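> compute the structure for the input listed below.
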Amino acid sequence: MVKLSEKEKAAHKAAFKAMSPAEKAEHIFTYHKWTILLVLLVLLVIGSTIHRQLTQKKPVLYMAVINTTFGEDVEKSLTEDFLAQTGGDTRRQEVYLYRDLYLSEDADTLNHEYAYASKVKLGGAISAEKLDLVLMNREAYDIFSRQGYLLELTSLSDAFSPYLTENDVILSDNSVDYLLGNAEQEQVVTKAAPNALAVSSLPLFRDAGFDGDLYLGIVSNSPRQEEAEAYFQYILGF
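Reported below is the predicted structural model:
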């Protein structure tokens, strides 16, 4: 880059001052457009980051909805109304929903990829400790229970007893060894455990026209079990 002398700098300044406002704008954009565009891009990124930080909601609970769907009114009851009743800030907090999930051990060709994708998503959420509650139909409940994903609810208050339901939990399973010829007999050892609430009869779900039975469980490795139990109390109207 050629360095201008003081005389040349003064000449440029004088020429610039003599320009009309439109000519000055054209001159600035012609010689400094990349600098201007870079500054605008930086300001856009900074503004977007600040806006996201100010508007992003913090999840107080994460809930998966598996093999069932509902409308906006039920979603509001499951999320915003819970926060409002428990003193949460609906502008800054949320009950985060994983929706449109499907689990089945008998998924046909059409639904197999969907079921696999849901399984991977749920597994990732559980591993990251970003799943606390599961609202599910009977088929999904059986799968979650057998795999030991659900917390045993033996420590809950007796007030929950009428809604508690048991399901099988697999303690040991040698089916893989049996299929590989490494075991003479297939043996699956299970136990029954109280690990969900049967919620189909509650007004929120009954009046919304849900088909079949619905269950609500707490994921066993949830770091927010106290909040999850408070959610149980809310759902049951305690």
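> which stretches in this structure count as strands?
Assigned by DSSP state E, the chain shows strands spanning 58-66, 93-101, 133-136, 164-173, 188-198, 215-218.
> helices and strands around the last one, which ones?
Contact here means 3 or more C-beta pairs under 8 Å, 6 or more residues apart in numbering; DSSP states H and E; on that basis strand 215-218 packs against strand 133-136, helix 138-146, strand 188-198, helix 225-236. C-beta coordinates here come from the backbone N, C-alpha and C atoms, glycine included.
> likewise the fourth one?
On a contact count with 3+ C-beta pairs under 8 Å, 6+ apart, strand 164-173 meets helix 138-146, strand 188-198.
> which residues does that strand contact?
141-142, 145-148, 150, 153, 156, 187-198, 215 (C-beta atoms under 8 Å, 6 or more residues apart in numbering).
> only whichever of those are buried, select them in PyMOL.
For the buried members of the contacts of strand 164-173, the matching PyMOL selection, counting by 16 or more other C-beta atoms under 10 Å, is:
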select buried, resi 141+142+145+146+150+153+156+193+194+195+196+197+198+215
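> for residue 114, give its distance to residue 101.
9 Å (C-beta to C-beta, to the nearest Å).
> again, but for residue 74
Here the distance between residue 74 and residue 101 works out to 16 Å (C-beta to C-beta).
> then residue 238?
28 Å.
> these two: which is more packed in?
The residue with more neighbours, out of residue 238 and residue 101, is residue 101; 22 against 10, by other C-beta atoms under 10 Å.
> report the beta-bridge partner residues of that one.
residue 66 (DSSP bridges).
> OK, contacts around it?
Applying C-beta under 8 Å, 6+ apart, the residues contacting residue 101 are 64-67, 118, 121-122.
> what about 7 Å?
64-66, 118, 121-122 (C-beta atoms under 7 Å, 6 or more residues apart in numbering).
> now residue 235
199, 202, 216.
> possible to save the residues you listed as a markdown table with neighbour count?
Below are the contacts of residue 235 laid out as a markdown table (neighbours: other C-beta atoms under 10 Å):
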| residue | neighbour count |
| --- | --- |
| 199 | 20 |
| 202 | 17 |
| 216 | 23 |
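> residue 130: which of these is nearest?
residue 216 (17.8 Å; C-beta to C-beta).
> the closest one and residue 226, how far apart?
16 Å.
> one step back: got a markdown table for the strands of the chain, with distance to residue 232 too?
Shown next, in a markdown table, are those (distance: least, C-beta to C-beta, whole Å):
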| stretch | distance to residue 232 |
| --- | --- |
| strand 58-66 | 11 |
| strand 93-101 | 13 |
| strand 133-136 | 9 |
| strand 164-173 | 10 |
| strand 188-198 | 6 |
| strand 215-218 | 7 |
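> let's have those strands in CSV, adding distance to residue 40 and mean pLDDT.
Output for these, formatted as CSV (distance: least, C-beta to C-beta, whole Å; pLDDT from 0 to 100):
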stretch, distance to residue 40, mean pLDDT
strand 58-66, 31, 96
strand 93-101, 33, 94
strand 133-136, 44, 97
strand 164-173, 58, 88
strand 188-198, 54, 89
strand 215-218, 49, 97
